[in-house]
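> Return atomic coordinates for the entry below.
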Amino acid sequence: MPNLPDHLPAHLDDFNCAQYVTEPTPARNKDAIALTMIHDQQREDWTWAQIWGRMHGWQNLLEPYKLQRGDRIVICLPNCPDIPTLMLAAIASGYVPVVLSPQLRADELDFITEHSGATLCIDTSILPSTDRPPSAFEGGGVARLHLSDVQETLDRAQHSGKVPTYVQTTFHDPAYMVYTSGTTGQPRGVLHAHRAVWARRMMFDGWTGITAQDTVLHSGQLNWTYAMGIAIFDAWAKGARSIIYEGPRSAARWAELIRENQATVFAAVPSLYRQLCRDVPTLAKDAQSLRHALCAGEPLPIPLWQRWRDITQKPLFEALGMSECSTYISSGPATPTRPGSPGRPQQGRKVAILNIEDPDLPPCAPNEVGMIAIHRDELGLMLSYFNNEKANEKAWRGDWFLTGDLATLDDEGYLHYHGRNDDTIITLGYRVGPTEVEAVLIQHPSVRDVAVNAHSPREGLTLVCAHIVLNAGWHWDEQTQRTVEALVAEHLAEYKHPRLYAVHEELPRNRSGKVLRKQLRYETRLNQDAS
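Numbering: from 1, shown residues only. Model (predicted):
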């Protein structure tokens, strides 16, 4: 067992992570503001009493579905208070919520619903993913519930004064699941235990520094573990107030939200910090309320870190993580920032750098490049890839989970990131599996061959690039590009869309016919819509 920063819960056979972050405490007083929801210019403050009432309402609404312990519930909603209240109500009842991006298209949502074995899918009729034939959910034993159909019932429950009930679960029981793109094409379900939320306390000193007095603003969607973790699990575990925003997104709007709400902790990806520094002349004034800011999702370039510090005079703490273990390496209040490094393994984490070719060898020496690995004793590590034995077998070497991230540890324990060992693309904080995008592009009649990889037009910006070989008689022109983009938009979430296209006569392959993605170079810039 790793050397944890403080004691384990007293009873490991009676621990429910929803109870851990929502039950009444002095910091979670019924009249205190737990959540501020801002939709464009409209604002709602939710007290803890209203959060508990909403959770209780969700528990009542779930009862008629006769769900069993461990049943999966798919939640596909835009940013709103019902994501955390429904998710935590499900966990409190012993179910396993699967929170998904509202950007998903119909076939993406259908695949995950089927793969997860979900009993119930809850979404809203305004989502494009609901524009599908009714047969997509019929015959598979999956019930469907629209948020709009139960809105009045939930609004009444919100003001009822009732509190949720928490069933007895263990520290190691399944609690929730997220889906992440993989290099093999289809998304992978990452199953986490209740312990994963408790293990986030290792981040408090190591990265987030959140206290009960903070107001926390995260710029991401709550289906993302980075956003859900910071804005809900961490903020509420400490009794802090969290802000959720759904509306037009621009650097100026985020600066305005920080200033108007006097946010004390702000979290975002490097690209947004770049936009704030570049496009908001009032940033120094707007950021005055911040104690510090948090950055994850992609490596933070040193010039950007310095620019933020010069303008705002506020610390910017970086972290490295993944859906399988959230953020486990970071700088923070207890770890001085070192430009060019995301930080050190947080106290209590069990992390090693292993030999790339033979992970069974002893850990690498300082400054030797290897693969980041996490020991199975790590409490924040996932239970498994759900219903995916092939992925599980590939990910483990004995007691070590191989992350696929390459790095070195220097003599003082600071990690220096060297990229991915596989073909996963990390763009604007999202992970994209290239074969999933390729499977859609190859359906277009103009495309004879295709490979997708990452392209970085400048430091700190990584885009999805599609390398295409055309069928005879086709030419790459505006009409062809429009139809290709329409096909992509029909089948893939927006963050998976190629932003750049390059046309080749042939793609480089090895003797066995595998595309050598890392040899592909982007040369002809035909589409650049993601500046």
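> What distance do you get for the residue of the chain positioned farthest from its centre to residue 440?
Farthest-out residue of the chain from its mean C-alpha position, per C-alpha atoms, centre = their mean: residue 473, at 42.1 Å. Applying C-beta to C-beta, to the nearest Å, the value for residue 473 to residue 440 is 22 Å. (Each C-beta comes from the backbone N, C-alpha and C, glycine too.)
> mind checking the SS state of the residue farthest from the centre of the chain?
coil (DSSP: H, G, I helix; E, B strand; the rest coil).
> And it, its phi and psi?
Main-chain torsions, residue 473, degrees, to the nearest 10: phi 90, psi -10.
> Quick one: find the helix or strand in this protein with the lowest mean pLDDT.
Lowest by mean pLDDT, DSSP states H and E among the helices and strands of the chain is strand 430-432, with a mean of 81.
> What distance do you get for the closest residue to residue 294 other than its chain neighbours to residue 251?
Closest residue to residue 294 apart from its sequence neighbours, by C-beta to C-beta, 6 or more residues apart in numbering: residue 267 at 4.0 Å. Separation of residue 267 from residue 251 (C-beta to C-beta): 15 Å.
> out of the two, which sits in the more crowded spot?
Higher neighbour count among residue 267 and residue 251: residue 267, with 26 against 18, using other C-beta atoms under 10 Å.
> what about residue 246, neighbour count?
Residue 246: 17 neighbours (other C-beta under 10 Å).
> May I ask you to confirm that it is in contact with residue 80?
Yes: using C-beta atoms under 8 Å, residue 246 is in contact with residue 80, at 6.5 Å.
> overlap in contacts of these two?
When contacts are counted by C-beta atoms under 8 Å, 6 or more residues apart in numbering, residue 246 and residue 80 have 37, 39 as shared neighbours.
> mind listing the strands for the stretch 401-531 of the chain?
Under the criterion DSSP state E, counting those that start in this stretch, the stretch 401-531 of the chain contains strands at 415-420, 425-427, 430-432, 447-458, 461-470, 500-503.
> In three-state terms, label residue 248 for me.
At residue 248 the chain is in coil, as set by three-state DSSP.
> how much distance is there from stretch 191-203 to the middle of the chain?
Taking C-alpha atoms, centre = their mean, to the nearest Å, the mean C-alpha location of stretch 191-203 is offset from the chain mean by 15 Å.
> Could you work out the end-to-end span of it for me?
End-to-end distance of stretch 191-203 (C-alpha to C-alpha, to the nearest Å): 20 Å.
> How about residue 428: what's its closest non-neighbour residue?
residue 271 (5.5 Å).
> any idea which helix or strand carries residue 73?
Assessed by DSSP states H and E, residue 73 sits inside strand 72-76.
> Which residue would you name as the spatial centre of the protein?
residue 224 (2.7 Å).
> what about the closest residue to residue 204 other than its chain neighbours, how many neighbours?
Once flanking residues are discounted, residue 204 sits nearest to residue 210: 6.3 Å by C-beta to C-beta, 6+ apart. Using other C-beta under 10 Å, residue 210 is surrounded by 23 other residues.
> Likewise for the one 3 residues further on?
Residue 213 has 12 neighbours, counted by other C-beta under 10 Å.
> tell me the SS of residue 172?
coil.
> Tell me, how many residues neighbour it?
Around residue 172 there are 14 other residues, counting by other C-beta under 10 Å.
> One more: residue 152?
Neighbour count for residue 152, taken as other C-beta under 10 Å: 9.
> which helices and strands sit right next to the helix or strand hosting it?
Assigned by DSSP H and E, residue 152 belongs to helix 151-158. Packing contacts for helix 151-158, counted by 3 or more C-beta pairs under 8 Å, 6 or more residues apart in numbering; DSSP states H and E, involve helix 48-62.
> Check which helices and strands the helix it packs on sits against.
Packed against helix 48-62, as judged by 3+ C-beta pairs under 8 Å, 6+ apart, are the following elements: helix 17-22, strand 33-39, helix 82-92, helix 151-158.
> swap the cut-off to 10 Å and go again
The contact analysis (3 or more C-beta pairs under 10 Å, 6 or more residues apart in numbering; DSSP states H and E) places helix 48-62 against helix 17-22, strand 33-39, strand 42-47, helix 82-92, strand 120-123, helix 151-158.
> partner strands of the shortest one, parallel or antiparallel?
Translated: strand 120-123. Partners of strand 120-123 in the sheet, by DSSP bridges, are strand 72-76 (parallel), strand 143-146 (parallel).
> hang on, the earlier thing: tell me the contacts of the residue farthest from the centre of the chain?
By C-beta atoms under 10 Å, 6 or more residues apart in numbering, the contact set of residue 473 is 445-446.
> From residue 480, how far off is it?
Distance of residue 473 to residue 480, given as C-beta to C-beta: 11 Å.
> Find residues that contact each of those two.
445-446.
> does residue 358 really touch residue 397, like I thought?
Yes: when contacts are counted by C-beta atoms under 10 Å, residue 358 is listed as touching residue 397 (9.1 Å).
> Comparing those two, which residue is more hemmed in?
Counted by other C-beta under 10 Å, residue 358 and residue 397 do not tie: residue 397 has more neighbours, with 14 against 8.
> Can you name the residues that contact the nearest residue to residue 157 once chain neighbours are set aside?
Excluding the flanking residues, the one nearest residue 157 by C-beta to C-beta, 6+ apart is residue 57, at 2.6 Å. Counting by C-beta under 10 Å, 6+ apart, residue 57 makes contact with 82, 85-86, 89, 150, 153-160, 162, 164.
> hmm, back to that, among the strands paired with strand 120-123, which is nearest residue 469?
strand 72-76 (35.3 Å; C-beta to C-beta).
> what angle do the closest one and helix 82-92 make?
Angle of strand 72-76 versus helix 82-92, following axes from the mean of the first three to the mean of the last three C-alpha atoms, to 10 degrees, is 170 degrees.
> hang on, the earlier thing: residues touching the least confident helix or strand of the chain, excluding its own?
Outside strand 430-432, the residues within contact range by C-beta under 10 Å, 6+ apart are 101, 103, 180-183, 187, 220, 224, 269, 297-298, 322-323, 420, 423-426, 452, 454, 462, 464, 492-498.
> ok so, going back, mean neighbour count and distance to residue 118 added to the strands of the stretch 401-531 of the chain, as a markdown table?
Output for those, formatted as a markdown table (neighbours: other C-beta atoms under 10 Å; distance: least, C-beta to C-beta, whole Å):
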| stretch | mean neighbour count | distance to residue 118 |
| --- | --- | --- |
| strand 415-420 | 17 | 30 |
| strand 425-427 | 22 | 27 |
| strand 430-432 | 22 | 22 |
| strand 447-458 | 19 | 29 |
| strand 461-470 | 22 | 28 |
| strand 500-503 | 20 | 35 |
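> now those in CSV, with distance to residue 17?
Output for the strands of the stretch 401-531 of the chain, formatted as CSV (distance: least, C-beta to C-beta, whole Å):
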stretch, distance to residue 17
strand 415-420, 28
strand 425-427, 27
strand 430-432, 24
strand 447-458, 34
strand 461-470, 33
strand 500-503, 41
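> Relative to residue 191, which of those is closest?
Of those, nearest to residue 191 by C-beta to C-beta is strand 430-432, at 17.1 Å.
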